[in-house]
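Student: I would like to see how this sequence folds:
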Amino acid sequence: MKYLLDSNICIHFFRGKFNIIEKLSKIGIENCAISEITLAELVFGAEKSSNPKKNHKIIQQFISQLTILPIYDAIMTFGKEKARLQSLGKQISDFDLLIGCTSIEYNLVMVTENVNEFERIAKIKIENWVIRD
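Tutor: Numbering: from 1, shown residues only. Got it, this is the predicted structure:
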């Protein structure tokens, strides 16, 4: 495994946007994972959508192809990073911080379009696969 996909990357994949499908095909979806938190965000998005049943099916098909990482191993890093960011006045959402800390603990590249938020986390490796014109 090499990459941890953020929720926005997964959503772009589901919608067929920004060549994410091609990127995942090229690198191999088996080289990607998502956090339990990302799964929770995707399920929430499906629930509030106009077609929850269809979107839950898309999520199930997607997660059957990759690893879902628990956040447990990232909790110590989360606590330290949250305190550090708070002391600097540069806080980010708890969910994004947990996802980012998971990428650090598993030594994965965080793939996100939300670079501005994630780059505040110390020692994180980030790639943005979304190119907007």
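
Student: residue most distant from the centroid, the protein?
Tutor: residue 87 (24.9 Å; Cα atoms, centre = their mean).

Student: what's the spacing between it and residue 80?
Tutor: 11 Å (Cβ to Cβ, to the nearest Å). Every residue, glycine included, has its C-beta placed from N, CA and C.

Student: find me the pLDDT at residue 77, would you?
Tutor: On pLDDT, residue 77 comes in at 97.

Student: what about it, distance to residue 56?
Tutor: Using Cβ to Cβ, we find residue 77 at a distance of 31 Å from residue 56.

Student: between the two, tell me which one has more neighbours.
Tutor: Taking other Cβ atoms under 10 Å, residue 77 and residue 56 do not tie; residue 77 has more neighbours (20 against 15).

Student: strands along the protein, start to end?
Tutor: Assigned strands in the chain, in chain order: 3-5, 32-35, 67-69, 109-111, 126-127 (criterion: DSSP state E).

Student: looking at those, which is closest to residue 95?
Tutor: strand 32-35 (8.9 Å; Cβ to Cβ).

Student: what mean pLDDT does the closest one have?
Tutor: 98.

Student: adjacent strands (with direction) for it?
Tutor: Next to strand 32-35 in the sheet, as set by DSSP bridges, lie strand 3-5 (parallel), strand 67-69 (parallel).

Student: figure out how far the first one is from the centre of its chain.
Tutor: Taking Cα atoms, centre = their mean, to the nearest Å, one finds strand 3-5 lying 6 Å from the centre of the chain it belongs to.

Student: now the last one
Tutor: What separates the centre of strand 67-69 from the centre of its chain is 11 Å, taken as Cα atoms, centre = their mean.

Student: contacts made by that strand with the rest, please.
Tutor: 1, 4, 32-36, 39, 102, 106 (Cβ atoms under 8 Å, 6 or more residues apart in numbering).

Student: same question, the first one
Tutor: With contact meaning Cβ under 8 Å, 6+ apart, strand 3-5 is reached by 13, 27, 31-35, 38, 66, 69, 99, 102-103, 106, 108-111, 127.
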